[in-house]
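Mind looking at a prediction? Sequence and model below.
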There are 2 protein chains.
Amino acid sequence: MARLIAEKSDLIAPLAEVFREYGFEGATLARISAATGLGKGSLYHFFPGGKEEMAQAVLAEIAHWFESHIFTPLGTTQNSAHAIAGMFAATAAYFHTGQRVCLVGVFGLNTTRDRFAQSIAAYFTRWLHTLEAALCTLGHKPAQAQLLACQSLAAIQGGIVLARALNSPQYFEAALTQAKAQCLTVSPTPHGHNNLQNS
Amino acid sequence: MARLIAEKSDLIAPLAEVFREYGFEGATLARISAATGLGKGSLYHFFPGGKEEMAQAVLAEIAHWFESHIFTPLGTTQNSAHAIAGMFAATAAYFHTGQRVCLVGVFGLNTTRDRFAQSIAAYFTRWLHTLEAALCTLGHKPAQAQLLACQSLAAIQGGIVLARALNSPQYFEAALTQAKAQCLTVSPTPHGHNNLQNS
DNA sequence: CTCATTCTGTACCAATAGGTACACTTAATA
DNA sequence: TATTAAGTGTACCTATTGGTACAGAATGAG
């Protein structure tokens, strides 16, 4: 069997950058071709379904990355304060402090949402629920945990919007520190199972 | 002088909706034509500069709307608690509780930003500074006011992303109530000029 | 070396993109 | 009612769009 000259997995990263920069409609095959260094022939060899299949592959890769780098650590790290702080740190790194756009969020904002509704919804619900569970473990009341998780994801996404719009990462950081502080400050702990002992 | 059959001002609203739904690149002249009910001839009569001029006109109208409905009230309303609460309410109404996208934010997320960088930056800086001033008037310390303003705008923008992605306004509301509560809860007021007297 | 498979470049396609040219209609004014 | 400017529809232009077809190059297995 012939060795693969170009690996499909090597294409995901440049593909993702093109979709991020130009959106789904603006990501023309010419731009994709330039970013990957591959002609249409190769592109359609790897992705017979065209742009739609390319975007699906990118979304799948993103889902996989977040699963192993964000969601799993968030759900398994013993010290939940560490887990949550780690999530904020990993997120800030992934999004280049807001200078790099969230592809899933961007796809959700225009009609591209209709094509990828399932992947988009899955991404955010998974994140929301994992964070919520970690917040409960930390000692937040369930209702409060739900609210904090929602607020935190909004801060991340909104921080990206502001940082991009004003072309400065400081706005991402400002939005994030507030959310992070609120997550890690557990209320007067009436009966919650607080485990801040060794953070 | 002949009366205008179609008024330029009547075109802004449908134009804005097309740009919101499809983004700048996805807003084709065919879609614009369908949304406005005007053919290319009329469109280019009103906007000789084409799509770019249309988008600029929409951004200008948005800037004007926010100036009179959000920024001016925020800066002039005597009771600053009322002013800030009013801003949140007006914002939620404008964005249809997160179901309607912020065109300025969306434009900032992809390469469209480069075309309209000035309008985009002006929109957010104006909002940021006006809110910051109102928060100071309320009694927040300057540094805290700056942080809260940034956090609030991030909550709004992030709330839109979540509400769109998950197709439910509840996420917008969740993100907003937290931010609003923090803005209106002024810290133990050591020497700040708090004016919550008749809210 | 041979061969089957994988990969790639080129040529091609119909459809649509944004934009222009211009003759035509509409309608307020004088 | 004639004039004049504003507004409109249609035809047309070139460039680019996503996508297909396919011959040929690369490559490891036998």
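Good, I have the coordinates.

What number of residues are in the vicinity of residue A:185?
11 (other CB atoms under 10 Å in any protein chain shown). C-beta here means a position set from N, CA and C on the backbone, and glycine is covered the same way.

for residue A:75, what are its contacts?
Taking CB atoms under 8 Å, 6 or more residues apart in numbering or on different chains, we find residue A:75 in contact with A:83, A:130, A:133, A:134.

Sort out which of those residues are in helices and list them.
Filtering the contacts of residue A:75 for membership in helices, criterion DSSP state H, returns A:83, A:130, A:133, A:134.

and stretch A:48-58, does that touch chain B?
No: Stretch A:48-58 stays clear of chain B (CB under 8 Å from any CB of the partner chain), getting no nearer than 13.0 Å.

can you tell if that stretch touches DNA strand C?
No: against DNA strand C, stretch A:48-58 shows no contacts by CB under 7 Å from any atom of the strand, the least distance being 10.5 Å.

Send me that stretch as PDB with only the CA atoms.
Taking Å, rounded to 0.1, in the frame of the first residue of the first chain, the C-alpha atoms of stretch A:48-58 are listed here in PDB:
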ATOM      1  CA  PRO A  48     -14.800  14.100  -1.500                       C
ATOM      2  CA  GLY A  49     -17.600  16.000   0.200                       C
ATOM      3  CA  GLY A  50     -15.900  19.300  -0.500                       C
ATOM      4  CA  LYS A  51     -15.900  22.300   1.800                       C
ATOM      5  CA  GLU A  52     -18.600  20.900   4.000                       C
ATOM      6  CA  GLU A  53     -16.600  17.700   4.700                       C
ATOM      7  CA  MET A  54     -13.500  19.800   5.400                       C
ATOM      8  CA  ALA A  55     -15.400  21.900   8.000                       C
ATOM      9  CA  GLN A  56     -16.900  18.800   9.600                       C
ATOM     10  CA  ALA A  57     -13.400  17.300   9.900                       C
ATOM     11  CA  VAL A  58     -12.100  20.500  11.500                       C
END
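
Quick check: mean pLDDT of it?
Per-residue pLDDT values across stretch A:48-58 average out to 98.

Thought residue A:135 was touching residue A:145, still the case?
Yes: if you go by CB atoms under 8 Å, residue A:145 and residue A:135 touch, sitting 3.7 Å apart.

The two: which is more packed in?
Using other CB under 10 Å as the criterion, residue A:145 and residue A:135 rank with residue A:135 on top: 27 against 22.

any idea how far that one is from DNA strand C?
According to CB to the nearest atom of the strand, to the nearest Å, residue A:135 stands 45 Å off from DNA strand C.

so that residue touches residue A:149, yeah?
Yes: counting by CB under 8 Å, residue A:135 touches residue A:149, with 6.1 Å between them.

what's the distance between the closest residue to DNA strand C within chain A and chain B?
Minimum separation of chain A from DNA strand C (CB to the nearest atom of the strand) falls at residue A:41, amounting to 2.1 Å. Going from residue A:41 to chain B by CB to the nearest CB, to the nearest Å gives 25 Å.

what does residue A:9 give?
25 Å.

With residue A:110 instead?
For residue A:110, the distance to chain B - CB to the nearest CB - is 5 Å.

Can you get me a residue count around the residue of chain A found nearest DNA strand D?
Nearest residue of chain A to DNA strand D, counting by CB to the nearest atom of the strand: residue A:50, 2.5 Å away. Residue A:50 has 12 neighbours, counted by other CB under 10 Å.

Surely it and residue A:44 touch.
Yes: the pair residue A:50 and residue A:44 passes the contact test of CB under 8 Å, sitting 6.9 Å apart.

about what we covered before: filter the contacts of residue A:75 to the buried ones?
A:83, A:130, A:133, A:134 (16 or more other CB atoms under 10 Å in any protein chain shown).

possible to save the residues you listed as TSV with pLDDT and distance to chain B?
Shown next, in TSV, are the buried ones among the contacts of residue A:75 (pLDDT from 0 to 100; distance: CB to the nearest CB, whole Å):
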residue	pLDDT	distance to chain B
A:83	97	21
A:130	98	15
A:133	97	17
A:134	98	17
